[in-house]
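S.K.: Need coordinates for the below:
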Amino acid sequence: MATYRKPVSVEEQRLMTKIAYLYHKRGYKQSEIAKQLDLSQASVSRTLKRAEEEGIVRVSVTIPTSVYTELEEALCEKYNLKEAIVVHCDDQNDEAVFDHVGSAAAYYIETTLGSNEIGLSSWSSTLLAMVNAMHPLAKASHAKVVQMLGGMGNPSAEIYAARITEQFASLVQGDPVYLPAPGVARSQDAYADVMSDTFVREATAYFDKITLAIVGIGSVEPSKLLQSSGNVFSEEELEALQQTGAVGDVCLRFFDITGQPVNLPLDKRVVSIGLDQLKNVKRIVGVAGGKRKLNAIRGALNGQLINVLITDHQTAQALMN
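M.R.: Below you'll find the model as predicted:
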């Protein structure tokens, strides 16, 4: 049943308009309006609210063309995200997406990183772009920045992995914790040897203490960076992955379109955080975009492997379809 509301008299309209004008146009405080008009501050507050209800005051938020507030909200609702950040990027080549999404991720981390966080850093071209775009924090965060995926193999992989961890830690005035291991061991026996290393055990011990994880999302088809790293699977293993329905990976842990892990023997050779461990992290920031990664991002969202997404607007729109 509709609530009956007493019609507003001309005198009430006049007072509402005067108070609204002083508050919204002249910038007066409610206390100043109350003093000038010999009213209580509570009366001024009620009148301002009534002015909105009567249409005397209309709030208008003008969203710039390159900002996607409504799309971000829709992504959060559809995929149960804590936050979504969508950046404008017309050019869908990998390098352009890396730069735009990485820059947005840099600003997000600069403005939200808490004191004494224990953060995990993966390595990918997008995360390298993020680190390159970051500004040093004015105040030390005292964060632990833990490398969450091995990077040795081809020397370029070690450079990327160590560079992201070290540079990130330096920018936030935190402490780096390196994972001195290959991303993919040559065999299960080699994996056992790697995991017995003291420094590897020290790094992986942080995996259950993480408060913030920043991860790239990969497709089954290896990126140029991964191909050059030496940390790639054989053609037979990639074919086996595709046969299981794998669509993407986080830290070389592969999953299907529903976000469920695909379990194959090759998974037992990967030196990184496990998906079950990752899902226990309070804040998991997925930084990825581009058409090539659409299904991988969708799978990660469906499986709630991330709860914050930073991506480009074309990928975001496709994720809503």
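S.K.: I figured Leu22 hits Ile33, correct?
M.R.: Yes - in this structure Leu22 lies within contact range of Ile33 using CB atoms under 8 Å: 5.1 Å. Yep, even glycine has a C-beta here, placed from its N, CA and C like the rest.
S.K.: So which of those two has more stuff around it?
M.R.: Ile33 (23 against 19; other CB atoms under 10 Å).
S.K.: Show the contacting residues for the more buried one.
M.R.: Going by CB atoms under 8 Å, 6 or more residues apart in numbering, Ile33 touches Ile19, Leu22, Tyr23, Leu39, Val44.
S.K.: which ones are touching Asn116?
M.R.: Ser141, His142, Ala143.
S.K.: For Lys144, see how far away it is.
M.R.: Here the distance between Asn116 and Lys144 works out to 8 Å (CB to CB, to the nearest Å).
S.K.: ok, back up a step: which among the contacts of Asn116 end up buried?
M.R.: Buried members of the contacts of Asn116, counted by 16 or more other CB atoms under 10 Å: Ser141, Ala143.
S.K.: quick one, what contacts Ala181?
M.R.: Ala181 sits in contact with Gly150, Met152, Val194, Met195, Asp197, Val200, Val271, where contact means CB under 8 Å, 6+ apart.
S.K.: Give the residue spans of the stretch 201-321 of the chain that score low on pLDDT.
M.R.: 222-233 (pLDDT under 70).
S.K.: which residues in it form strands?
M.R.: For the stretch 201-321 of the chain, the strands defined by DSSP state E, counting those that start in this stretch cover 212-216, 218-219, 246-250, 253-256, 283-287, 308-312.
S.K.: Among those, single out whichever gets nearest to Lys78.
M.R.: strand 308-312 (10.8 Å; CB to CB).
S.K.: So which other helices or strands are in contact with that closest one?
M.R.: strand 83-87, helix 94-112, strand 283-287, helix 294-302 (3 or more CB pairs under 8 Å, 6 or more residues apart in numbering; DSSP states H and E).
S.K.: what angle do the second one and strand 308-312 make?
M.R.: Interaxial angle, helix 94-112 versus strand 308-312 (axes from the mean of the first three to the mean of the last three CA atoms, to 10 degrees): 140 degrees.
S.K.: Pull out the buried positions in helix 94-112.
M.R.: Applying 16+ other CB under 10 Å to helix 94-112 flags 94, 97-110 as buried.
S.K.: out of those, who's nearest Thr165?
M.R.: Ile109 (13.9 Å).
S.K.: For Leu15, see how far away that closest one is.
M.R.: Counting by CB to CB, the gap from Ile109 to Leu15 is 49 Å.
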